[in-house]
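Peer 1: sequence first, then the predicted structure:
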Amino acid sequence: MEYTPPKVWTWNQGGASTASPASSLNRPVAGATHEKVLPVGRHPLQLYSLGTPNGQKVTIMLEELLALGHQGAEYDAWLIRIGQGDQFGSGFVDINPNSKIPALMDRSGEQPIPVFESGAILLYLAEKFGALLPQDPAGRARTLSWLFWQMGSAPFVGGGFGHFYHYAPVKIEYAIDRFTMETKRQLDVLERRLSESPYLAGAQYTIADIAALPWYGGIVKGMLYDAAEFISAQDYPQVQRWADELLARPAVQRGRMVNRTSGELSQQLHERHDASDFDTRTQDKLQG
């Protein structure tokens, strides 16, 4: 049935926009819905997140920093269950007024520093530790260009393609075609870039790769939206090559486990407070 928009939109809380579990917590206003103090662990860096593509960016970054020997990057990762509305608790909203994961609190200085938006967190950590971001102007410019490209492009992949193809209770051909076309265009952008360079910013692995991997690597490897066949992932061999190389990195493998609540129990580490947790506190061990 064709939909004719009214002159003035009003929120129908029982309408189609809330019919999917993925949309049930959406609302047209911001702010906290309840009082909830966030927990604080023993490390300077406190991460409040979930193992979505945006959440994985930050945990991969932190694990890469630790692998490089930056002990100041030790962190506590607390699980924010967005399906239960944890992101609307007062403590979380104090860090991120936008109520989206991930959110980071750096308590290493005299005053705690809140950082939100995954790209901003990656840049903050790269500058704090002097790692995974080239220092020369050209390399830095390339890295930031690709980082901001990913941040600006991801909503078309997640809220657009992912929503209408995977989550929406009603499959709308126009919407699926529109966002599939854009997702494939973005994959072609990556394919062309990675055919001339091993990594997005050049010869060096950077925060740009960390940002892009969970989204585009996830799609072509069939880990995101179960869409690899639908988008013809085989048409992007350089993206496949790049994703395989990055997914083989031990720090990436650890980072993808943190705050994860789906998939194999051995790959789910709901909270991370110590490096030993990967060996002792995955869900298969806690439930075994």
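Peer 2: Here it is on my side, so go on.
Peer 1: pull out the buried positions in stretch 230-243.
Peer 2: Neighbour-count burial for stretch 230-243 flags Ile231, Ala233, Tyr236, Gln238, Val239, Gln240, Trp242, Ala243 (criterion: 16 or more other C-beta atoms under 10 Å). Every residue, glycine included, has its C-beta placed from N, CA and C.
Peer 1: with stretch 128-142 instead?
Peer 2: Residues Lys128, Phe129, Ala131, Leu132, Leu133, Pro134, Gly139, Arg142 are the ones in stretch 128-142 that count as buried (16+ other C-beta under 10 Å).
Peer 1: measure the third one to Gly255 for me?
Peer 2: Counting by C-beta to C-beta, to the nearest Å, the separation of Ala131 from Gly255 is 15 Å.
Peer 1: could you do the second one as well?
Peer 2: Phe129 sits 15 Å away from Gly255, going by C-beta to C-beta.
Peer 1: which residues are in contact with the residue positioned nearest the centre of the chain?
Peer 2: Centroid-nearest residue in the chain: Asn54, 1.0 Å away (criterion: C-alpha atoms, centre = their mean). Listed by C-beta atoms under 8 Å, 6 or more residues apart in numbering, the contact partners of Asn54 are Lys100, Ile101, Pro102, Ser118, Ala154, Pro214.
Peer 1: what about it, which SS state?
Peer 2: helix (DSSP: H, G, I helix; E, B strand; the rest coil).
Peer 1: and it, how far is that from Tyr167?
Peer 2: Distance of Asn54 to Tyr167, computed by C-beta to C-beta: 16 Å.
Peer 1: His273 now?
Peer 2: In this view, His273 and Tyr167 are 32 Å apart by C-beta to C-beta.
Peer 1: the residue lying closest to Leu125 once chain neighbours are set aside: neighbouring residues, count only.
Peer 2: Closest residue to Leu125 apart from its sequence neighbours, by C-beta to C-beta, 6 or more residues apart in numbering: Met61 at 5.6 Å. Neighbourhood size, Met61 [other C-beta atoms under 10 Å]: 27.
Peer 1: show me which residues of the helix or strand that contains Met61 are buried.
Peer 2: Assigned by DSSP states H and E, Met61 belongs to helix 53-67. Neighbour-count burial for helix 53-67, counted by 16+ other C-beta under 10 Å, picks out 53-66.
Peer 1: one more: stretch 251-269?
Peer 2: Ala251, Val252, Arg254, Gly255, Arg256, Met257, Val258, Asn259, Arg260, Gln268, Leu269.
Peer 1: repeat for stretch 214-228
Peer 2: Quick answer for stretch 214-228 (16+ other C-beta under 10 Å): 214-221, 223-225, 227-228.
Peer 1: which one of those is nearest Gln287?
Peer 2: The nearest member of these to Gln287, counting by C-beta to C-beta, is Met223 at 22.6 Å.
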